[in-house]
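Q: A structural model of the following input is requested.
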Amino acid sequence: MKYTRQVLGETELKIAKRLHRGKVRDTYIVNDLRVLVATDRQSAFDRMLAEIPFKGQVLNKCAAFWFEKTAHIIPNHVIAVPDVNVLVAQSAKVFPIEFVVRAYLAGTTETSILVNYTKGVRDFCGHILPEGLKENEKLPKTIVTPTTKPEVGHDESISRKEIIERGIMTAEDFDYVEQKTLEIFKFAQEHCAKTGLILADTKYEFGKLPNGTIIILDEMNTPDSSRFWEAKTYEESIKNNKAPKSFDKDVLRRWYSEKCDPYADEKLPEAPQELIAKMSNAYQTAYEMITGEEFIPETSTDINARIDKNLKKYFG
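A: Got it, this is the predicted structure:
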């Protein structure tokens, strides 16, 4: 796998003023269109933890792959991919809910099904969970467990009933999005199974265009938003009470969970270079397995200048 210490930590584009700095993506507006730049910033536990070489490129290429593959299920926000780190998208009114879809009892964060199940929670986001489930075991059925997307503070698990009662979404919109979430996830699971991967869970975001059309946006089935496990070693890992071999953000999450309390500790240890290299390798591997294509990174010395150049060429 390719590796470098050069990363895109901050964007400083000249073509437009930055509208928003997210955990991973920076948003610019050009000609009323959203320009989403996937950086190499790595967050987990609602904290910024590291910068991973080529991560932004992997996320952008992976999301573009899935958006194209699932366009027959639901329209998406993609207009163009003028740079390996950039996606030009339609503007939409975003539903402030993340539609988390789960097929396995897994997770490390406070909103995860595993952490809640371990605490004794059996009514999770409106779903009644049976007794006796084991860590990383397949759930009786795939379920959607939404979380809030607050401007500040932590995400919170929320049920369909609460979402409708609070006026966050109408029942009609929620039910439509939930159904599309399950359809997309099933399609992605079947695709991944053919490539030697298990898609254990993921999350999707949706919005509504001015004409009322609901679209999927942000990212789709990336190593940042999903859990990808190696299929051939899964059963053996579960049998031996070991975590499945993963190609996703859990590589970093597990390291921090073992070294500290990432939610409570004020200062966290710095990620060592070998962990950063392992993360970069995991993301590249996930991309190659999902797409069947070799990951060939763009290795410009000035990433911001390259992005500016490609955007100017695209917008004219």
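
Q: Just the mean pLDDT for the longest helix belonging to the chain, thanks.
A: Longest helix in the chain, counting residues (DSSP state H): helix 171-195. Averaging pLDDT along helix 171-195 yields 99.

Q: ok now it, how far from the chain's centre?
A: 15 Å (CA atoms, centre = their mean, to the nearest Å).

Q: what do you get for stretch 95-106?
A: 11 Å.

Q: which parts of that stretch are buried?
A: 95, 97-106 (16 or more other CB atoms under 10 Å). In short, each C-beta sits where N, CA and C put it, glycine included.

Q: Give me the sheet partners of the strand ranked longest in the chain and which way each runs.
A: Across the chain, the longest stretch assigned as strand under DSSP state E is strand 197-208. In the sheet, strand 197-208 lines up against strand 93-94 (antiparallel), strand 97-104 (antiparallel), strand 214-217 (antiparallel), strand 227-230 (antiparallel) (DSSP bridges).

Q: could I have the last one exported to PDB, CA atoms only?
A: So the one you mean is strand 227-230. Taking C-alpha atoms only, strand 227-230 is exported to PDB below (Å, rounded to 0.1, in the frame of the first residue of the first chain):
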ATOM      1  CA  ARG A 227     -17.700  -1.300   9.600                       C
ATOM      2  CA  PHE A 228     -16.100  -3.500   7.100                       C
ATOM      3  CA  TRP A 229     -14.900  -7.000   8.300                       C
ATOM      4  CA  GLU A 230     -12.900  -9.600   6.600                       C
END
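
Q: would you put the C-alpha positions of the longest strand of the chain in PDB?
A: In PDB, the C-alpha atoms belonging to strand 197-208 read as follows (Å, rounded to 0.1, in the frame of the first residue of the first chain):
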ATOM      1  CA  LEU A 197     -16.200  -8.200   3.000                       C
ATOM      2  CA  ILE A 198     -18.900  -8.100   5.600                       C
ATOM      3  CA  LEU A 199     -20.700  -4.700   5.900                       C
ATOM      4  CA  ALA A 200     -21.700  -4.900   9.500                       C
ATOM      5  CA  ASP A 201     -23.200  -1.400   9.800                       C
ATOM      6  CA  THR A 202     -23.100   2.100   8.400                       C
ATOM      7  CA  LYS A 203     -24.900   5.400   8.500                       C
ATOM      8  CA  TYR A 204     -26.600   7.600   5.900                       C
ATOM      9  CA  GLU A 205     -27.800  11.100   5.700                       C
ATOM     10  CA  PHE A 206     -30.600  12.500   3.600                       C
ATOM     11  CA  GLY A 207     -32.100  15.800   2.600                       C
ATOM     12  CA  LYS A 208     -34.900  17.400   0.600                       C
END
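
Q: quick one, it and helix 171-195 angle?
A: 150 degrees (axes from the mean of the first three to the mean of the last three CA atoms, to 10 degrees).

Q: OK, contacts around the one residue sitting closest to the centre of the chain?
A: Taking CA atoms, centre = their mean, the centroid of the chain lies closest to residue 225, which sits 1.8 Å from it. Remark: with contacts taken as CB atoms under 8 Å, 6 or more residues apart in numbering, residue 225 is in contact with 202-204, 219.

Q: Let's have the strands paired with strand 197-208 in JSON lines, adding mean pLDDT and distance to residue 33.
A: Converted to JSON lines, the strands paired with strand 197-208 look like this (pLDDT from 0 to 100; distance: least, CB to CB, whole Å):
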{"stretch": "strand 93-94", "mean pLDDT": "97", "distance to residue 33": "15"}
{"stretch": "strand 97-104", "mean pLDDT": "98", "distance to residue 33": "23"}
{"stretch": "strand 214-217", "mean pLDDT": "99", "distance to residue 33": "13"}
{"stretch": "strand 227-230", "mean pLDDT": "98", "distance to residue 33": "31"}
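
Q: CSV for the ones you listed, including distance to residue 307?
A: What follows is those, written out as CSV (distance: least, CB to CB, whole Å):
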stretch, distance to residue 307
strand 93-94, 24
strand 97-104, 27
strand 214-217, 20
strand 227-230, 27
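
Q: Could you point out which of the ones you listed sits nearest residue 110?
A: strand 97-104 (12.9 Å; CB to CB).

Q: Keeping just the C-alphas, turn whichever helix or strand comes after the closest one into PDB.
A: Sequence order places helix 113-118 as the next helix or strand after strand 97-104, per DSSP states H and E. Taking C-alpha atoms only, helix 113-118 is exported to PDB below (Å, rounded to 0.1, in the frame of the first residue of the first chain):
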ATOM      1  CA  ILE A 113     -25.800  -0.900  20.000                       C
ATOM      2  CA  LEU A 114     -23.100  -3.000  21.700                       C
ATOM      3  CA  VAL A 115     -22.300  -0.400  24.400                       C
ATOM      4  CA  ASN A 116     -25.900   0.100  25.200                       C
ATOM      5  CA  TYR A 117     -26.700  -3.700  25.100                       C
ATOM      6  CA  THR A 118     -23.800  -4.300  27.500                       C
END
